[in-house]
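Student: Sequence below, structure please.
(chains A and B)
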Amino acid sequence: MFENRRGFLLAAIAVITLPLAAQTTSAAPRALRIAAAADLQPVLPDVLARFTADGNIHVDVTYQSSATLATQIMNGAPFDLFLAADLSFPQRVIAATLAEEAQPITYARGTLVLWTRNDSRFKNLSMDSLRDPDLKSLAVANAEHAPYGRAAQAALKHLGLYQQVESKLVIAENIAQTAQYVESGNAELGLISLTSALTPRLKVSGHCVVVPQDAYPPILQGAVIVKRAGANSADAHRFLDFLMSAPIQSQLADRGLAPAK
Amino acid sequence: MDLQALALTLRLAVVTTALLLVIAVPVAYWIAFSGSRLRALVEAVSTLPLLLPPTVLGFYLLVLLGPRTPFGRAWIQLTGHPLAFSFTGLVVGSVIYSFPFAVQPLVAGFSGVDTALLEQARLLGASRLRLLRAVLLPLTARSVLTAAVLCFTHTVGEFGVVLMIGGDIPGATRTLSISIYDQVQDFAYTQANRTALVLVVISVAALVLLYSRRRHGLSEARHG
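Tutor: Residues are numbered from 1 along each chain as shown, chains lettered A, B, ... in the order given. The predicted structure is shown next:
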């Protein structure tokens, strides 16, 4: 009985681990691991599809807030490339001597928009909608650590609206969650990223106006190549060059990320 | 140290635990004693919140409580604002999130009670409420306490659901776990460590107190 059980166990272990072993021994494509800011989630998959089209490389992407990713990299997370939503988080990685670059590479510029659902009461959406005394809630990202949240706060202050809307703010952890707050109808208006607003889902369910560009410091998005033992530096460079190439930069622009220069 | 967040967290945990006990006792009673064919289904559904990742559960609650569902619309009609981003909304979320932690210990406790004892009490003319208060709950005091402690601590440590439906509003929805998360995100590790330490010390002290009382209470029940 014991022998049988042990035999069964061994067989089970073999069945479970065999495919793994097979995977590692066959000619596996090279792997690139990217840590990407949450606002890239609607944009990056199509870029990666083009990058990996030849089948020689496999890319894993982790989408998180830039702050979380920076912390993870500084604590040894095995990423090869960090695509942040601003310059301060890559600078932290540089300060920790974990980046190849001395300065973050600006790969895109984010755009802040005011968004509402089509079935909300704001039919003629404009920045003046924020002055509506009956406005109940405005979703923004956290101004302390989310780049779009920082931009939203700066814009509201610049437009002289901050005091008026302060008590109506609902604060999301990152820009993707800000979009969820307003897309689900729980918040009436939201200051979200143009990349979110241009996703098929939000395009159908709502509409937006672009926040005046001079109302907030530009949301420059920076990248660094992570320096660590065993990092796939060569492919990280290749992808970054690909990302900065003219056709990809124009593809990003169509999806809400303006060219860096 | 965010005292406002600490006070809010304790208030949320107390309200949630009290509500959960009121709701879970009849549900657990029904699961343990009804013998209905629906029993397994009800028990399975009551376990669901354990299965879903908290942020996913929070996302569904956000949608469910929002103005796109009849329930959400009715709530907004009644109160003028959505349930999300309010303390009441957090209570609703926490009650659902911790429901299994209230029901499971109670079902286990109730199922262990000798049904002959309940039958005798019934024959002696005890009403259902009296049966519960005078026989069942004292016999299962340990399970009730376990349920209460689990609900309380689970609510104090709750993060994903609050993150999704809270909106990080000081005094209303910024709980201690959100406060710690924010501090970590801002690289304010010293502050975060301090807050986490306070949370752990208070929780351990409360649990030690509770568990020492529990042993005391049990020996009383045994001798009494």
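
Student: Where does pLDDT dip in chain A?
Tutor: A:1-28, A:261 (pLDDT under 70).

Student: let's see 50
Tutor: Under the criterion pLDDT under 50, the flagged ranges of chain A are A:1-2, A:21-26.

Student: mind listing what whichever residue of it sits closest to chain B touches?
Tutor: Per CB to the nearest CB, residue A:170 is where chain A lies closest to chain B, at 3.4 Å. Any C-beta I mention is one placed from the backbone N, CA and C, and that applies to glycine too. Residue A:170 makes contact with A:137, A:138, A:139, A:140, A:181, A:186, A:187, B:85, B:167, B:168, B:169 under the criterion CB atoms under 8 Å, 6 or more residues apart in numbering or on different chains.

Student: Next step: those restricted to strands.
Tutor: A:138, A:139, A:140 (DSSP state E).

Student: The second one and residue B:205, how far apart?
Tutor: What that stands for is residue A:139. 38 Å (CB to CB, to the nearest Å).

Student: Please apply the same query to the first one.
Tutor: Computed as CB to CB, the residue A:138 to residue B:205 distance reads 40 Å.

Student: and what of the last one?
Tutor: With distances defined as CB to CB, the gap from residue A:140 to residue B:205 amounts to 38 Å.

Student: again with residue A:179
Tutor: Applying CB to CB to residue A:179 and residue B:205 gives a distance of 41 Å.

Student: Most neighbours out of the ones in strands among the contacts of residue A:170, which is it?
Tutor: When neighbours are taken as other CB atoms under 10 Å in any protein chain shown, the top entry among the ones in strands among the contacts of residue A:170 is residue A:140 (30 neighbours).

Student: dump the residue contacts of it.
Tutor: Residue A:140 neighbours (CB under 8 Å, 6+ apart): A:149, A:152, A:153, A:156, A:169, A:170, A:171, A:172, A:178, A:190, A:191.

Student: Please apply the same query to residue B:165.
Tutor: So residue B:165 contacts B:58, B:61, B:62, B:65, B:84, B:85, B:89, B:90, B:93, B:173 (CB under 8 Å, 6+ apart).

Student: Let me know how buried the last one is, in neighbour terms.
Tutor: In this case it means residue B:173. 25.

Student: Then it would be within a strand, right?
Tutor: No - Residue B:173 is assigned coil when assessed by DSSP: H, G, I helix; E, B strand; the rest coil, not a strand.

Student: from what I can see it touches residue B:161, true?
Tutor: No - when contacts are counted by CB atoms under 8 Å, residue B:173 is not listed as touching residue B:161 (11.0 Å).

Student: In chain B, where is pLDDT below threshold?
Tutor: Judged by pLDDT under 50, the stretches of chain B that qualify are B:217, B:219-224.

Student: can you do 70?
Tutor: Ranges of chain B meeting pLDDT under 70: B:1, B:214-224.

Student: Give me the residue at the spatial middle of it.
Tutor: With distances taken as CA atoms, centre = their mean, residue B:151 lies nearest the centre of chain B, 3.6 Å away.

Student: One more: chain A?
Tutor: So for chain A, CA atoms, centre = their mean, it's residue A:38, sitting 2.3 Å from the centre.

Student: Just list the residues touching that one, thanks.
Tutor: A:63, A:64, A:65, A:66, A:85, A:174, A:175, A:176, A:177.

Student: let's see it at 6 Å
Tutor: A:63, A:65, A:174, A:175, A:176 (CB atoms under 6 Å, 6 or more residues apart in numbering or on different chains).

Student: Repeat that for residue A:155.
Tutor: A:211, A:215, A:216.
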